[in-house]
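*Asks:* No letters, just coordinates:
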């Protein structure tokens, strides 16, 4: 069926997914790939160009350097999925063979307190089998001579399954193959939801075009718009859009080796982009929620904040030229910066897939798989993702993840 179809074929579906970007597409594909699931799936996406969604504005990188075991294992599955995508997708020879460009993430600590966080984190990462290494300033300088490490106490890097991957290709094939397996995508927008008389279920969703669609289960995969979607069902979820800026620049004198995705202590991050170009990201020190459609660039931020930090950390970046820039949104979970999953505590068929706070793309394989398992079996099977369930919000049990960029 056409990607631009706007009207659903049926009047009711077993699963309605609100949002067709990376999380909605992952869930739809894993459902369609599971022989134990034989239901109907409708994905409703407000803009099939995906021009302004978080998926389109991502760094498209993955890391295992998290501070919680579960987040490490989620990224390990992402790495396995990407490296073996053709096998996961039924050995379909149309599916490209993908790999990870393993330049790694380099965390730089400029205080002993932050260095201790890196030391604590590496114990968690090693227990999960990650290849993280700590580096003294002298070791960093010997391996990556372009860094200024005068203020650095310790570094942390992992060059195994950490770096760039082709998120756009995975996204494209999830959508393409799930459609072939019967998933229906429409370009439309959910504007209202109707709950049952006892309030325990969402019975239908109403589209902007007027159709009322019955649903067995509803998945909120609305990215930064998660709160708006939840409110239609009378539910609150602590997710809001936070603006993040990105720049691609060329260097007059490119670095001699690949640049790890470097997280400067200031919060500015920069990585290898290829061909003598680099991608950088940052945000304002004042970081309020923004309007869903606010993608306005703060041009002064580059000159006054980001570029001086880059040129100080990597002196070769004193002579650079910005070639592209854009503003995008994090779907920020203001409760604890981690995923919110699973069913609502009262509206039992409303399922969350929200609040990824900047690490959604790399978590999408595991999260889509887990949500599909929940929808099919009522439980998680491959990896127990229940710590991320919505219940922790109600019970005020935050998951503390120290490695949030």
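*Replies:* That came through fine. Only a predicted model underlies this, so the values are computations on that prediction, with no experimental measurement involved.
*Asks:* Tell me where the stretch 151-300 of the chain has strands.
*Replies:* Using DSSP state E, counting those that start in this stretch, the strands assigned to the stretch 151-300 of the chain run over residues 154-158, 163-164, 184-187, 190-195, 202-207, 212-220, 239-251, 261-263, 269-274, 277-282.
*Asks:* can these go into a markdown table with extra columns for mean pLDDT, mean neighbour count and distance to residue 39?
*Replies:* Quick note: C-beta positions are derived from backbone N, CA and C, even for glycine. Supplementary listing: those in a markdown table, determined by pLDDT from 0 to 100; neighbours: other C-beta atoms under 10 Å; distance: least, C-beta to C-beta, whole Å:
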| stretch | mean pLDDT | mean neighbour count | distance to residue 39 |
| --- | --- | --- | --- |
| strand 154-158 | 98 | 24 | 39 |
| strand 163-164 | 96 | 22 | 36 |
| strand 184-187 | 98 | 22 | 12 |
| strand 190-195 | 98 | 18 | 19 |
| strand 202-207 | 98 | 20 | 16 |
| strand 212-220 | 98 | 22 | 7 |
| strand 239-251 | 97 | 21 | 27 |
| strand 261-263 | 98 | 24 | 39 |
| strand 269-274 | 96 | 20 | 40 |
| strand 277-282 | 96 | 22 | 39 |
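*Asks:* Adding distance to residue 32, write the ones you listed out as JSON lines.
*Replies:* Written out in JSON lines, the entries for the strands of the stretch 151-300 of the chain read as follows (distance: least, C-beta to C-beta, whole Å):
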{"stretch": "strand 154-158", "distance to residue 32": "33"}
{"stretch": "strand 163-164", "distance to residue 32": "27"}
{"stretch": "strand 184-187", "distance to residue 32": "11"}
{"stretch": "strand 190-195", "distance to residue 32": "21"}
{"stretch": "strand 202-207", "distance to residue 32": "20"}
{"stretch": "strand 212-220", "distance to residue 32": "14"}
{"stretch": "strand 239-251", "distance to residue 32": "26"}
{"stretch": "strand 261-263", "distance to residue 32": "33"}
{"stretch": "strand 269-274", "distance to residue 32": "33"}
{"stretch": "strand 277-282", "distance to residue 32": "33"}
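*Asks:* separation between residue 264 and residue 250?
*Replies:* The spacing between residue 264 and residue 250, counted by C-beta to C-beta, to the nearest Å, is 20 Å.
*Asks:* Go through the strands of the stretch 151-300 of the chain and name the closest to residue 25.
*Replies:* Among the strands of the stretch 151-300 of the chain, strand 184-187 comes nearest to residue 25, with 8.8 Å by C-beta to C-beta.
*Asks:* quick one: strands adjacent to that closest one?
*Replies:* strand 41-45 (parallel) (DSSP bridges).
*Asks:* and the partner strand with strand 212-220, angle?
*Replies:* Following axes from the mean of the first three to the mean of the last three C-alpha atoms, to 10 degrees, one obtains 80 degrees for the angle between strand 41-45 and strand 212-220.
*Asks:* Number the residues from 19 up from this point.
*Replies:* OK, 19 is where the count begins now, so the last one is strand 59-63.
*Asks:* After strand 59-63, which helix or strand is next? Please name it.
*Replies:* Beyond strand 59-63 in the direction of the C-terminus, DSSP states H and E gives the next helix or strand as strand 79-80.
*Asks:* What pairs with that following strand, parallel or antiparallel?
*Replies:* Paired neighbours of strand 79-80 in the sheet (DSSP bridges): strand 181-182 (antiparallel).
*Asks:* Number of residues surrounding the closest residue in space to residue 300 that isn't next to it in sequence?
*Replies:* Spatially, and ignoring its direct neighbours in sequence, residue 300 is nearest to residue 286 (4.5 Å; C-beta to C-beta, 6 or more residues apart in numbering). Residues lying near residue 286 (other C-beta atoms under 10 Å) number 19.
*Asks:* Please look at residue 286 and residue 297 and confirm they touch.
*Replies:* No. In this structure residue 286 lies outside contact range of residue 297 using C-beta atoms under 8 Å: 11.7 Å.
*Asks:* about what we covered before: and of the strands of the stretch 169-318 of the chain, who's closest to residue 416?
*Replies:* Ranking the strands of the stretch 169-318 of the chain by distance to residue 416, with C-beta to C-beta as the measure, places strand 257-269 first at 14.2 Å.
*Asks:* how much does the closest one deviate in direction from strand 287-292?
*Replies:* When the same axes, to 10 degrees is applied, the directions of strand 257-269 and strand 287-292 differ by 50 degrees.
*Asks:* and strand 257-269, what does it pack onto?
*Replies:* In this structure, strand 257-269 makes packing contacts with helix 244-250, strand 295-300, strand 338-351, judged by 3 or more C-beta pairs under 8 Å, 6 or more residues apart in numbering; DSSP states H and E.
*Asks:* again, only using 10 Å
*Replies:* Contacting strand 257-269 under the criterion 3 or more C-beta pairs under 10 Å, 6 or more residues apart in numbering; DSSP states H and E are the following elements: helix 244-250, strand 287-292, strand 295-300, helix 317-319, helix 325-331, strand 338-351.
*Asks:* among the ones you listed, which gets the worst mean confidence?
*Replies:* Set side by side, those show their lowest mean pLDDT on helix 317-319, which sits at a mean of 92.
*Asks:* Near residue 81, how many residues? Count them for me, please.
*Replies:* Neighbours of residue 81 under the rule other C-beta under 10 Å: 26.
*Asks:* Let me know the distance separating it from residue 338.
*Replies:* Using C-beta to C-beta, residue 81 is found at 25 Å from residue 338.
*Asks:* One more: residue 243?
*Replies:* Distance from residue 243 to residue 338, counting by C-beta to C-beta: 35 Å.
*Asks:* next one: residue 283
*Replies:* Residue 283 sits 21 Å away from residue 338, taking C-beta to C-beta as the criterion.
*Asks:* Which residues are in contact with the residue nearest to the spatial centre of the chain?
*Replies:* The geometric centre of the chain, computed from its C-alpha atoms, lies nearest to residue 378 (C-alpha atoms, centre = their mean), at 1.3 Å. For residue 378, the contact set (C-beta atoms under 10 Å, 6 or more residues apart in numbering) comprises 39-41, 44, 72-73, 76, 241, 348-349, 357, 371-372, 385.
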